[in-house]
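**Student:** I'd like to go over a predicted model; first the sequence, then the structure.
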Amino acid sequence: MTYIAYLDEFGHIGPYIALDDPRHNDSPVFGLAGFIMPLEVVRGFGTWFYQRKRDLLDFEIQRSGEHPAVWEKKGSSLYTVRNVTQ
C-alpha cells in the first residue's frame, strides 16, 4: 500500500536573544507536523480541503487576485489572539 505524507514546519530556527531584542526576537520554537494517509483517499481529501479553503477564505482569495489553488495564508495569521477570542 502507498501512503502520502503532508508535512509543514512552524516556528523559527534563526537566532533568538530576547523578546525585547530589536533584531532577534522571534519565537525560539521550531516544529514539524503532519499526517499520513493512504493514496486512495488523497484526492477526496484534497477536494474537501480546497472547498473549505474557498468557503472560509474566499474574500481574501478574491482580493489577492491569485488562483485559489496557489493562494496561501500562513497559520500564524489565522491563529492570532484576536481571532481566537472572537
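**Tutor:** Yep, that arrived.
**Student:** Give the burial count for residue 72, as a bare number.
**Tutor:** Counted by other CB atoms under 10 Å, the residues lying close to residue 72 total 10. Using the backbone N, CA and C atoms, a C-beta is placed for each residue, glycine as well.
**Student:** try residue 20
**Tutor:** So residue 20, with other CB under 10 Å, has 6 neighbours.
**Student:** Against which helices or strands is the helix or strand hosting residue 50 packed?
**Tutor:** Using DSSP states H and E, residue 50 sits within helix 39-64. Other elements packing on helix 39-64 under the criterion 3 or more CB pairs under 8 Å, 6 or more residues apart in numbering; DSSP states H and E are strand 3-11.
**Student:** so how far is the strand it packs on off the chain centroid?
**Tutor:** 10 Å (CA atoms, centre = their mean, to the nearest Å).
**Student:** Just checking: what are the partner strands of that strand?
**Tutor:** Take DSSP bridges as the rule and strand 3-11 pairs in its sheet with strand 30-38 (antiparallel).
**Student:** residue closest to the middle of this structure?
**Tutor:** In the chain, the centroid-proximal residue (CA atoms, centre = their mean) is residue 75; its distance is 4.1 Å.
**Student:** Could you report the pLDDT at that residue?
**Tutor:** Residue 75 is assigned 75 on the pLDDT scale.
**Student:** how much space between it and residue 8?
**Tutor:** Distance of residue 75 to residue 8, computed by CB to CB, to the nearest Å: 8 Å.
**Student:** Kindly report the same for residue 59.
**Tutor:** Residue 59 sits 24 Å away from residue 8, going by CB to CB.
**Student:** Repeat that for residue 47.
**Tutor:** According to CB to CB, residue 47 stands 19 Å off from residue 8.
**Student:** what does residue 63 give?
**Tutor:** According to CB to CB, residue 63 and residue 8 sit 24 Å apart.
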